[in-house]
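1. curious how this folds, go ahead:
(2 chains)
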Amino acid sequence: MKQFEPLTRKKDSQPVRYLVVDDSVFARKSLAKMIESFGGHVVGEAGDGCTAITEYTRVNPDLVLMDITMPQMEGIEAVERIVHEHPDARIVMVSSVGYQDNILAALQKGARHFVQKPVKPDALYEIIRYVLNDDGVTATVGAAQETSR
Amino acid sequence: MRMDLIQPFIGSLDAVLAEMMRAPAKIVDLNMEEEGYRRKGLAAAVEFRGQIEGRVILDMEPSAAAHVASFLAGADVDPSEPIVPETVCELANMVIGNAVTQLNDGGFQFKVLPPETITAQQVDKAGMDSEATILCFETPRGKVHLNISMRYQKRRARERAPALT
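-> Numbers count the residues shown, from 1 in each chain, chains lettered A, B, ... in the order given. Next comes the predicted model:
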């Protein structure tokens, strides 16, 4: 898999910490591989919305990648609950179902962005960089070195 | 079955396979079946409810599914490994999700349920469907079938339509 310029946290130059939420083990593995190629670190995984909420509180990730269609509790409801508890949560929806109503509902509940499956690593990298940079969370390694000079 | 409901699934399967297999998929057969579903390889189903109700089954030759799993794992995966059926499930999710997105943006309203791997026991349940359209695609790594059984609920559409005054 293509390697990207690593995204690190501005405050401590550590890898960005991710929570990956998807009911498919295959999808979680695939996303974890992409995150690895972005220089990130998966600190938690969940297979449904309920587990995502508890995992978020436990690991306090920098960013969440959240599926929509899941058993027990769907992604949009999980976003609403996480953002209610943690207003600064950064959540990117990753789903194969990308119709406008769904995207709009996710954004209204507090999601920051949306990526449609099958996920293209380049697109996901750009979106993550955009979302994290928007909050001043990340710097690429190159940018961090530039700043320290 | 209405072709405008089927067309998005054809385009979606083509696009997803091109992305995940790095290979083109060509339709080699299309037929109707009234005798219920019979599993051909590794299969997963996605159900939907709303203005359109029914289910779509993605059924892949194990060699084709293993090829996708290998591509994503970055190493050879044997067709017997547990990750292979899981791969079919996620591919079904992508193919059907993308098609459903097009239908939904086209004005049809319905909800998609999470994909499920079809086991031998579930084949009996899936076999109760009265009529299905079967699309057979050929890829360099094996055949892929889409089994589509769905109904357009006119009554539900009318119920949701705004009342004329």
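2. just the closest residue of chain A to chain B, please.
-> In chain A, the residue that lies nearest chain B is A:Ser96 (2.5 Å; C-beta to the nearest C-beta). Yep, even glycine has a C-beta here, placed from its N, CA and C like the rest.
3. that residue touches B:Ala92, doesn't it?
-> No. Applying C-beta atoms under 8 Å, one finds A:Ser96 not in contact with B:Ala92, separated by 9.3 Å.
4. pLDDT score for residue 6?
-> Going with chain A. Listed pLDDT for A:Pro6 reads 93.
5. chain B, not that one
-> So B:Ile6 comes in at 87 (pLDDT).
6. which of the three states applies to it?
-> With DSSP: H, G, I helix; E, B strand; the rest coil as the basis, B:Ile6 sits in helix.
7. ok, back up a step: who's in contact with the residue of chain A closest to chain B?
-> A:Ser96 is in contact with A:Thr69, A:Gln116, A:Lys117, A:Pro118, B:Asn93, B:Met94, B:Val95, B:Ile96, B:Gly97, B:Asn98, B:Thr101, counting by C-beta atoms under 8 Å, 6 or more residues apart in numbering or on different chains.
8. at 10 Å instead, please
-> Shown in contact with A:Ser96 (C-beta atoms under 10 Å, 6 or more residues apart in numbering or on different chains): A:27, A:67-69, A:116-119, B:12, B:16, B:46, B:90-101, B:112, B:115.
9. where exactly do the strands run in chain B?
-> B:26-33, B:42-50, B:52-60, B:110-112, B:116-117, B:132-139, B:142-152 (DSSP state E).
10. check chain A too.
-> Under DSSP E, chain A gives strands at A:7-9, A:17-21, A:41-46, A:63-66, A:91-95, A:113-116, A:138-140.
11. what helices or strands is the longest one leaning on?
-> Strand A:41-46 makes packing contacts with strand A:17-21, helix A:25-37, helix A:49-59, strand A:63-66 when contacts are defined by 3 or more C-beta pairs under 10 Å, 6 or more residues apart in numbering or on different chains; DSSP states H and E.
12. pipe the strands of chain A into JSON lines and attach mean neighbour count per row.
-> Formatted as JSON lines, those follow (neighbours: other C-beta atoms under 10 Å in any protein chain shown):
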{"stretch": "strand A:7-9", "mean neighbour count": "21"}
{"stretch": "strand A:17-21", "mean neighbour count": "25"}
{"stretch": "strand A:41-46", "mean neighbour count": "19"}
{"stretch": "strand A:63-66", "mean neighbour count": "26"}
{"stretch": "strand A:91-95", "mean neighbour count": "26"}
{"stretch": "strand A:113-116", "mean neighbour count": "19"}
{"stretch": "strand A:138-140", "mean neighbour count": "21"}
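13. could those strands go into a markdown table alongside distance to B:Tyr152?
-> Below are the strands of chain A laid out as a markdown table (distance: least, C-beta to C-beta, whole Å):
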| stretch | distance to B:Tyr152 |
| --- | --- |
| strand A:7-9 | 46 |
| strand A:17-21 | 33 |
| strand A:41-46 | 36 |
| strand A:63-66 | 31 |
| strand A:91-95 | 24 |
| strand A:113-116 | 25 |
| strand A:138-140 | 47 |
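14. how near is B:Ala45 to chain A?
-> Using C-beta to the nearest C-beta, to the nearest Å, one obtains 13 Å as the distance from B:Ala45 to chain A.
15. biggest helix in chain B by residues?
-> Longest helix in chain B by number of residues (criterion: DSSP state H): helix B:83-105.
16. write out the residues of chain A neighbouring chain B.
-> Contacts of chain A with chain B, taken as C-beta under 10 Å from any C-beta of the partner chain, map to A:1, A:22-30, A:33, A:48, A:67-72, A:74, A:95-103, A:116-120.
17. weed out the non-buried ones from these.
-> Neighbour counting with 16 or more other C-beta atoms under 10 Å in any protein chain shown marks A:22-30, A:48, A:67-70, A:74, A:95-99, A:102-103, A:116-119 as buried within the residues of chain A next to chain B.
18. about what we covered before: ok, of the helices and strands packed on strand A:41-46, where does mean pLDDT dip lowest?
-> Among these, helix A:25-37 scores lowest, with a mean of 92.
19. how distant is the longest helix of chain B from the center of its chain?
-> The chain centroid and the centroid of helix B:83-105 are separated by 7 Å under C-alpha atoms, centre = their mean, to the nearest Å.
20. report the angle between the axes of it and strand A:91-95?
-> On the basis of axes from the mean of the first three to the mean of the last three C-alpha atoms, to 10 degrees, helix B:83-105 is oriented at 100 degrees to strand A:91-95.
21. what sits against residue 94?
-> No chain specified, so I'll use chain A. Shown in contact with A:Val94 (C-beta under 10 Å, 6+ apart): A:20-22, A:27, A:31, A:64-68, A:75, A:113-117, A:119, A:124, A:127.
22. wait, chain B was what I had in mind.
-> Contact analysis of B:Met94 by C-beta under 10 Å, 6+ apart lists A:24, A:27, A:95-97, A:116-119, B:12-13, B:15-17, B:19-20, B:58, B:115.
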